[in-house]
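> return a 3D structure for these sequence lines:
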Amino acid sequence: MKAINIKGERQIGLVVMDEPVPGADEVLVRLEYVGFCGSDLNTYLGRNPMVKLPVIPGHEIGAVVEKVGEAVPEIIRPGMTVTVNPYTNCGKCPSCRNGRVNACQFNETLGVQRNGAMRERMVLPWTKIIPAEGLDVRTCALVEPMSVGFHAVERGAVSDIDTVMVIGCGMVGLGAVVRSALRGATVIAADIDDEKLALARQMGAAHTVNTMTEDVHARLQEITAGAGPDVIIEAVGNPHTYRMAVDEVAFTGRVVCIGYANSEVSFQTKYFVQKELDIRGSRNAMPSDFRAVIRYMQKGECPVDRLVSMVVSPQEAEDAMNRWAEAPGKIFRILVKF
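Below is the predicted model of the structure:
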């Protein structure tokens, strides 16, 4: 069985693995499409401190069930098109005991803290298999990143009376745009790329702001009649955009942080108190977020073809990663077809 392996900085290639065999409560899936995400790119470039190398990357999965163990319930059947919840949960830490398993203290995500899905087949616990009836296998590989954006909207308690600004219109940010719009909020999408902003508008944003070419503060004041957005979702992980979120959010607003900043971020902490802000982290996604994304995609309204920048073979993975590294802002998702 072939698998893609990242051995070190800018070192990626194919390895041969043994064929996996499912246990009693496990499922054997055939991987058909697996997405490269930003964390995989950082791993390839040697910028991901959470990864233990060598590692098989990949946690955005479109697969077909091949075989199930004897203890797997009938809801999981051979031939089903599925995606996968790529996170673990220990069941014992404070997050798990509080029912927020997405934020498990000891989580190990596929392709990060443990080997991922860039391979022909793999075995998983049946509880991590998410049926995706009505979706093609390629679309299934887009569910996980969008679910992270959906979860951020849940963390922000977004409702139809809110104006929501989403900073960063990659896959995760677009998920936040879609979920906010589905909840009836007025959505402002912000990015440095006009193509991404056009796509965000197609997916539900009422307003767009190019943070590179426009006066962000003036535009937000104009859109919100001087109040500022009720909720700002930061989906970039840049010190500048972190500060922007705190500076621009309305008094008594909510700031939801998804992105990891690679350096320290300094804030005007007076805004925390004067505005009485709620600043919330958002990590991974809950099973309900996956199901919500699948339901959205089942409607046929998601512009899937525009979200997939390229589809490559395992042999083309190195070239694809190099192209992405040269123009990171121009690529949404690279899918590997096995």
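> confirm that R138 sits in a helix.
Yes. Under DSSP: H, G, I helix; E, B strand; the rest coil, R138 falls within a helix.
> need the contact list for it.
E32, Y33, G62, V304, V308, V311, L335 (CB atoms under 8 Å, 6 or more residues apart in numbering). All C-beta atoms are positioned from the backbone trio N, CA, C, and that covers glycine.
> what's the farthest-apart pair in the residues you listed?
E32 and V304 (14.8 Å; CB to CB).
> these two: which is more packed in?
E32 (20 against 16; other CB atoms under 10 Å).
> per-residue pLDDT, that one?
For E32, the pLDDT comes out at 98.
> if we can go back for a sec, report the buried members of the contacts of R138.
E32, Y33, G62, V304, V308, L335 (16 or more other CB atoms under 10 Å).
> and the contacts of R138, which of them are in strands?
E32, Y33, G62, V308, V311, L335 (DSSP state E).
> what sits against the first one?
E32 makes contact with G62, A63, V64, V137, R138, K337, F338, according to CB under 8 Å, 6+ apart.
> circling back to that earlier point, make a markdown table out of the buried ones among the contacts of R138 and add distance to M122.
As requested, these are arranged in a markdown table below (distance: CB to CB, whole Å):
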| residue | distance to M122 |
| --- | --- |
| E32 | 12 |
| Y33 | 14 |
| G62 | 13 |
| V304 | 24 |
| V308 | 22 |
| L335 | 17 |
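> which one of those is nearest Y242?
Closest approach between those and Y242, by CB to CB: V308, at 29.3 Å.
> one step back: and the ones in strands among the contacts of R138 as CSV, adding distance to M50?
Formatted as CSV, the ones in strands among the contacts of R138 follow (distance: CB to CB, whole Å):
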residue, distance to M50
E32, 27
Y33, 24
G62, 24
V308, 26
V311, 27
L335, 23
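> closest one of the residues you listed to V51?
Relative to V51, and with distances defined as CB to CB, the nearest of the ones in strands among the contacts of R138 is L335, at 20.7 Å.
> all helices for the protein, in order.
38-44, 94-97, 137-140, 143-155, 171-182, 194-202, 216-223, 239-248, 270-274, 287-298, 304-307, 317-326 (DSSP state H).
> save those as CSV, and put in mean pLDDT and distance to M165 too.
As requested, the helices of the chain are exported to CSV (pLDDT from 0 to 100; distance: least, CB to CB, whole Å):
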stretch, mean pLDDT, distance to M165
helix 38-44, 94, 21
helix 94-97, 98, 27
helix 137-140, 98, 28
helix 143-155, 98, 12
helix 171-182, 98, 9
helix 194-202, 97, 11
helix 216-223, 98, 7
helix 239-248, 96, 7
helix 270-274, 94, 15
helix 287-298, 98, 20
helix 304-307, 96, 21
helix 317-326, 96, 27
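> many thanks, have a good one.
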